[in-house]
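**Q** sequence first, predicted coordinates after that:
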Amino acid sequence: MVLEFPGGTKWAIEIKRSSSPLISKGFYAGCNDIKADKRFVVYSGKDRFSIGEGVTAIPLPDLMQELMEQ
């Protein structure tokens, strides 16, 4: 999923069912193609952590909080 905000900020979001999310090369390629400002993987866990290359694994409630603060 791609969210584009007023002003042109773009977030790339992938949703995973797993509690230990892994990302595909396609996600990274898509992020680079759209020049995503933020990269998130929503997963079923409760902690927020970096997966690498600027990607944050994030629970859905935390992502919703990020959206409210945008």
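**A** Everything's here; your move.
**Q** for residue 62, see how far away the residue nearest the centre of the chain is.
**A** By C-alpha atoms, centre = their mean, the chain has its centre lying nearest to residue 40, at 1.1 Å. Between residue 40 and residue 62 the computed distance is 9 Å (C-beta to C-beta, to the nearest Å). From N, CA and C alone the C-beta is placed, and that goes for glycine too.
**Q** quick one: strands adjacent to the helix or strand of the chain with the lowest mean pLDDT?
**A** Counting by mean pLDDT, DSSP states H and E, the weakest-scoring helix or strand in the chain turns out to be strand 49-52, with a mean of 92. For strand 49-52, the pairing partners within the sheet under DSSP bridges are strand 55-59 (antiparallel).
**Q** pull out the buried positions in the strand it pairs with.
**A** Within strand 55-59, the residues that count as buried by 16 or more other C-beta atoms under 10 Å are 55, 56, 57, 58.
**Q** surely the last one is in contact with residue 38?
**A** By that I understand residue 58. No: with contacts counted by C-beta atoms under 8 Å, residue 58 stays clear of residue 38, the gap being 10.0 Å.
**Q** which residues touch residue 1?
**A** Residues counted as contacts of residue 1 (C-beta atoms under 8 Å, 6 or more residues apart in numbering) are 12, 13, 14, 15.
**Q** out of those residues, flag the one nearest to residue 34.
**A** Using C-beta to C-beta, residue 12 is the member of the contacts of residue 1 that lies nearest residue 34, at 6.5 Å.
**Q** the closest one in helix, strand or coil?
**A** Per DSSP: H, G, I helix; E, B strand; the rest coil, the local secondary structure of residue 12 is strand.
**Q** put the buried members of the contacts of residue 1 into a ChimeraX selection.
**A** This is how ChimeraX selects the buried members of the contacts of residue 1, with burial counted by 16+ other C-beta under 10 Å:
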select :12,13,14
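**Q** that older thread, you'd agree the residue nearest to the centre of the chain is up against residue 54?
**A** No: at 10.1 Å, residue 40 does not count as touching residue 54 under the criterion of C-beta under 8 Å.
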